[in-house]
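Sequence plus the predicted model coming up.
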Amino acid sequence: MRLKYVVEDTDRHGTVRIYYRRNGIKTRLRGPLGSPEFLTDYRRAAAPKKETPCKTASPGRVLPRSVKWLCVEYYKSAMFRELDPRTQKVRRGILERVCQHKNSGDKPYSMMQPRHIRTWRDDKLDRPQAANGMIKALRQLFRYAVEYDLNDANPAMLVEYLSGNPEGVHSWSLDEIAKFEKAHPIGTTARLALALALYTGQRRADLVQFGKQHVRDGWLAFTQTKGRNRKPVRLEIPIIRELQSIIDQTPTGDLAFLKTEFGKPFTSNGFGNRFRKWCDEAGLHNCSVHGLRKAAAARLAELGCTEHEIMSITGHRTSKEVTRYTRAARQKTGAESALRRMSSEQKEDKSVPLSGAVVSGGTISTPN
């Protein structure tokens, strides 16, 4: 009798054992071969198996070695806890959305491949910043897994970022600044917010913190919010006359220059939402508070400031971001300088009539 997937195996004592082996799984069958017991076991082993649904964790329960389990362990680590509270909140939100996507959080994290992450990335093709944020969060998650010997590789490092907008956030023009100032005169919180952003070049998380306690002999002395727990950046920026005049003419809070309509300091997100409304009221739907930071760097570049001088204002540690901020301004300034030199050279040189300088044959004549 010959039946598919039936194999015989002899142990070290010479006993013959019969198995049903398929797809790498062996099932012991009773013998002897061809007996009623054997046929009963064979039919049971060969019968189609009912597909069991993928095992998922019950609410509040985390499956061991799953993506969600890795996230929970990552949240406990120093790598995560050293991040700024706002960065922690953003990254946790991204990873939670990854876990909720088609129950990905219940799947073994060791099985995650770059192709899986690329598929998720491509689903966000219309939102390149969100896609790149997801890749960055997964890179940090698996970086933790590799450093703590929980995984052998970082699959997210093999996934490329989307190009997105090469120019980044829109930088305000002088006309847009004037339009905002016309809609929000001096004395309003909106105008003070514009002045603080434009004349200090700081992020919104720092703008909402500025208050009288940071002013020392006409200088703003503070530590930037971003990276303050890992790589703190301490800055001292002079308060120029224009900014001081607007501060003096605007009602401010006790601990913060910028205050809500209820007299309390803004949160970073709340200030961003409020500034969005101020821009919309001025008809500047393409402008944002972060664009003023870029505009401040561009104006400094147009005034001839070096990258290191601009970095001393913005607080950037490397010139990469500053170069991107000021690329257009550098090009304009360089073009103006080059053409100005050309113009000055033309004024110094004596012009020679073409007819008198060239003779037949194309040679230049020289006076005797």
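That came through fine.

Spatially nearest residue to residue 41, not counting backbone neighbours?
Nearest residue to residue 41 in three dimensions, chain neighbours excluded: residue 29, at 4.3 Å (Cβ to Cβ, 6 or more residues apart in numbering). Glycine gets a C-beta too; all of them are placed from N, C-alpha and C.

Longest strand of this structure, counting residues only.
strand 16-22 (DSSP state E).

returning to that earlier point: where does the residue nearest to residue 41 land on pLDDT?
If you check residue 29, the pLDDT there is 87.

pretty sure it is touching residue 19, no?
Yes. Residue 29 lies in contact with residue 19 (Cβ atoms under 8 Å); the separation is 6.4 Å.

Show me what the helix or strand just after the longest strand of the chain is packed up against.
Sequence order places strand 25-29 as the next helix or strand after strand 16-22, per DSSP states H and E. Applying 3 or more Cβ pairs under 8 Å, 6 or more residues apart in numbering; DSSP states H and E, one finds that strand 25-29 contacts strand 16-22, helix 36-46.

coming back round to it: with neighbour numbers in mind, choose between residue 29 and residue 19.
residue 29 (23 against 16; other Cβ atoms under 10 Å).

How about the contacts made by that one?
If you count contacts by Cβ atoms under 8 Å, 6 or more residues apart in numbering, residue 29 has them with 6, 18-20, 38, 41-42, 45.

cool, residue 276 as well?
residue 288.

Quick check: which element contains it?
helix 268-281.

what angle separates whichever helix or strand comes after that helix from helix 268-281?
Per DSSP H and E, the first helix or strand lying C-terminal to helix 268-281 is helix 289-302. Orientation check (axes from the mean of the first three to the mean of the last three Cα atoms, to 10 degrees): helix 289-302 against helix 268-281 gives 80 degrees.

about what we covered before: any idea how far the residue nearest to residue 41 is from residue 209?
Taking Cβ to Cβ, to the nearest Å as the measure, residue 29 falls 75 Å from residue 209.

Residue 284 too?
Between residue 284 and residue 209 the distance is 25 Å, computed by Cβ to Cβ.

closest to residue 76 out of the helices and strands packed on strand 25-29?
Evaluated over the helices and strands packed on strand 25-29, closeness to residue 76 peaks at strand 16-22, with 42.9 Å, by Cβ to Cβ.

other SSEs contacting the closest one?
On a contact count with 3+ Cβ pairs under 8 Å, 6+ apart, strand 16-22 meets strand 6-10, strand 25-29, helix 36-46.

In CSV: those, plus distance to residue 143.
Formatted as CSV, the helices and strands packed on strand 16-22 follow (distance: least, Cβ to Cβ, whole Å):
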stretch, distance to residue 143
strand 6-10, 46
strand 25-29, 37
helix 36-46, 45
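
between these, which one is nearest to residue 129?
Between the helices and strands packed on strand 16-22, strand 25-29 lies closest to residue 129; by Cβ to Cβ that is 46.7 Å.

Would you give the sheet partners of that closest one, along with the direction of each?
strand 16-22 (antiparallel) (DSSP bridges).

Now the residue nearest to the spatial centre of the chain: phi and psi?
Centroid-nearest residue in the chain, with Cα atoms, centre = their mean: residue 133, separated by 4.6 Å. Main-chain dihedrals, residue 133, degrees, to the nearest 10: phi -60, psi -40.

thought it was touching residue 97?
No. Contact between residue 133 and residue 97 fails when scored by Cβ under 8 Å: they sit 10.2 Å apart.

Tell me the buried residues in the longest strand of the chain?
Going by neighbour count (16 or more other Cβ atoms under 10 Å), the buried part of strand 16-22 is 18-20.

and stretch 114-126, how far from the chain's centre?
Mean-position distance between stretch 114-126 and its chain equals 16 Å (Cα atoms, centre = their mean, to the nearest Å).

what's the answer for stretch 99-118, then?
Distance of stretch 99-118 from its chain centroid, counting by Cα atoms, centre = their mean, is 21 Å.

what's the answer for stretch 118-128, then?
That offset, for stretch 118-128, works out to 14 Å (Cα atoms, centre = their mean).

Look at it and report the distance between its end residues.
Using Cα to Cα, to the nearest Å, the end-to-end distance of stretch 118-128 comes to 13 Å.

can you list contacts of it?
98, 101, 130-131, 134-135, 159, 162-165.

Could you do stretch 229-239 as well?
Counting by Cβ under 8 Å, 6+ apart, 82-84, 199-200, 215-216, 218-224, 226-227, 247, 312-313, 315, 317 sit against stretch 229-239.

Let me know the pLDDT of residue 318.
Confidence score, pLDDT, at residue 318: 85.

likewise the one 5 residues further on?
Note on residue 323: pLDDT of 81.

That one contacts residue 306, doesn't it?
No. Using Cβ under 8 Å, residue 323 is not in contact with residue 306; the gap is 11.7 Å.
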